[in-house]
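Novice: What would the 3D arrangement of this be:
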Amino acid sequence: MKEKVNKIVSNLRIVLVIYILFALIASFQSYFGSKTTFDNGLEYNKYNNYVIFEKSAEHLRHGQDLYKLYPQEHWDLFKYTPSFSAFFTIFNVLPDWLGLCLWNLLNALILYFAIYYLPKISNLKKGLLLFIVLLELLTSMQSEQSNGLIAGLLVLTFGLLERDKVFWASLCIVFSVFIKLFGIVGFVLFLFYPNKWKSIVYTVFWSTILLVIPLFFVDYNQYIKLFSSYLYLLKDDHNASYGFSVMGWIHTWFSVDFNKNIVVLIGIVVFLIPLVKIKLYKDETFRILMLCSVLLWIVIFNHKAESPTFIIAMAGVAIWYIISEKNKINNTLFILAMLLTSFSPTDLFPRQLRESLIIPYALKAFPCILIWIKISYELIKKRENNLETIDQLGT
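Specialist: Now for the predicted structure:
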């Protein structure tokens, strides 16, 4: 029985079919889901987030402000860059049912291929990784979010850097930043590899291209206005909430009002401490643990982190667990992450517990916070005389 399960999990094609099916199921659930009626009497599609994205492409073409409410079309604001609006022109020309399917497939397949592109990890472990994150990916796709795409781009950046494909790694990380700014943390990964000037040149090259693309749709003056509106939105958005984050956890557990910037600053300091160990940059496990730290950090220190955002963090959790020693502490942390982070938003978890404990006390973030602390501890205590290769881990 175990051999059959392992054969299925390690079969690239079977896992690919499962990912495609989950993306299509999430799309059809959203497309055919019941509409939501707001207090203003307007009805909105269940796939509202996708509508926000694809309508932003129209607003860009028509020279409208991307960052104001359009209640006749959708609820909530567009919070991405003008370049992302230009990218969504591809989907805007398609009927909603097809565009929605392709959008979710893009999120699922980028993450799928990124994980299979990880070096020196067996197909069985890669299959396990994909199954671990599948439920969290489904949560993100059911909200038509871009987080699966961002997780995939960050993981793919690592895989490309490990293979010295700096040109394409730069594209992945720059594209992630032009979707959501927190992808900028991923640039830390470039420190571990040679040819840093080449990385800088390629980053400037791709950044320039992505910056220029919206100018095919709007003139320079309108573009400047859009960026001013975007920056104002980000500033206003920063003060809005604590989210499922370290800040949200501290606030809900201890009822403390505090400056979020101080917490983020402490998080930055702890995150950067391992980077002083320059001699460890040649250690494969050090590099992949830093990838895990990046994936977790950008979620748990994001004051706007929502449930669908955690596919990024769970990608970090899954990679960490697969390559880590299977001891009591690591097993317990992983089980907590699966229960509180992945299962809590689903119907598999008791609704009463979710509404009375998980959401009010930011418990979805709690295991990820603990795991990030554990990873940071492992990185800080790691010694040069304890070098390991990736394929030696997780046994």
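
Novice: Of all the helices and strands in this structure, which has the lowest average confidence?
Specialist: strand 36-37 (a mean of 73; mean pLDDT, DSSP states H and E).

Novice: Show me the strands in the chain, by range?
Specialist: With strands called from DSSP state E, the chain shows them at 36-37, 43-44.

Novice: Same list (those) but as CSV, adding distance to residue 319.
Specialist: Where C-beta positions appear, they are placed from N, C-alpha and C, glycine not excepted. Listed next are the strands of the chain as CSV, based on distance: least, Cβ to Cβ, whole Å:
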stretch, distance to residue 319
strand 36-37, 36
strand 43-44, 36
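
Novice: Can you tell me which of those strands is most buried?
Specialist: Burial of the strands of the chain is given as mean neighbour count (mean count of other Cβ atoms under 10 Å); strand 43-44 ranks first at a mean of 13.

Novice: counting contacts, what elements does it pack onto?
Specialist: For strand 43-44, the packing partners by 3 or more Cβ pairs under 8 Å, 6 or more residues apart in numbering; DSSP states H and E come out as strand 36-37.

Novice: what about stretch 42-61, distance to the chain center?
Specialist: Centroid separation between stretch 42-61 and its chain, computed with Cα atoms, centre = their mean, to the nearest Å, is 21 Å.

Novice: Pull out the buried positions in that stretch.
Specialist: By neighbour count on 16 or more other Cβ atoms under 10 Å, the buried set for stretch 42-61 is 44-57, 59-60.

Novice: now stretch 178-185
Specialist: 178, 179, 180, 182, 183, 185.

Novice: which residues touch it?
Specialist: 80-81, 83-84, 146, 149-150, 153-154, 173, 176-177, 210, 234, 271, 294, 297-298, 302 (Cβ atoms under 8 Å, 6 or more residues apart in numbering).

Novice: Just these: which are in helices?
Specialist: Secondary structure from DSSP state H places 83-84, 149-150, 153-154, 173, 176-177, 210, 234, 271, 294, 297-298 of the contacts of stretch 178-185 in helices.

Novice: What's the PyMOL line that selects buried ones from these?
Specialist: Buried subset of the ones in helices among the contacts of stretch 178-185, written as a PyMOL selection, criterion 16+ other Cβ under 10 Å:
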select buried, resi 83+84+149+150+153+154+173+176+177+210+271+294+297+298
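
Novice: By pLDDT, rank the ones in helices among the contacts of stretch 178-185 and give me the bottom one.
Specialist: Of all those, residue 234 has the smallest pLDDT value, namely 82.

Novice: Once you drop chain neighbours, what's closest to that residue?
Specialist: Among residues not flanking residue 234 along the chain, residue 181 sits closest, at 7.4 Å (Cβ to Cβ, 6 or more residues apart in numbering).

Novice: just residue 56 next, same as before
Specialist: What sits nearest to residue 56 in space, not counting adjacent residues and going by Cβ to Cβ, 6+ apart, is residue 85, at 4.1 Å.

Novice: what's near enough to touch that neighbour?
Specialist: Residue 85 makes contact with 53, 56, 57, 59, 60, 66, 78, 214, according to Cβ under 8 Å, 6+ apart.

Novice: let's see it at 10 Å
Specialist: Contact analysis of residue 85 by Cβ atoms under 10 Å, 6 or more residues apart in numbering lists 53-61, 66, 78, 92, 213-214, 217-218, 226.
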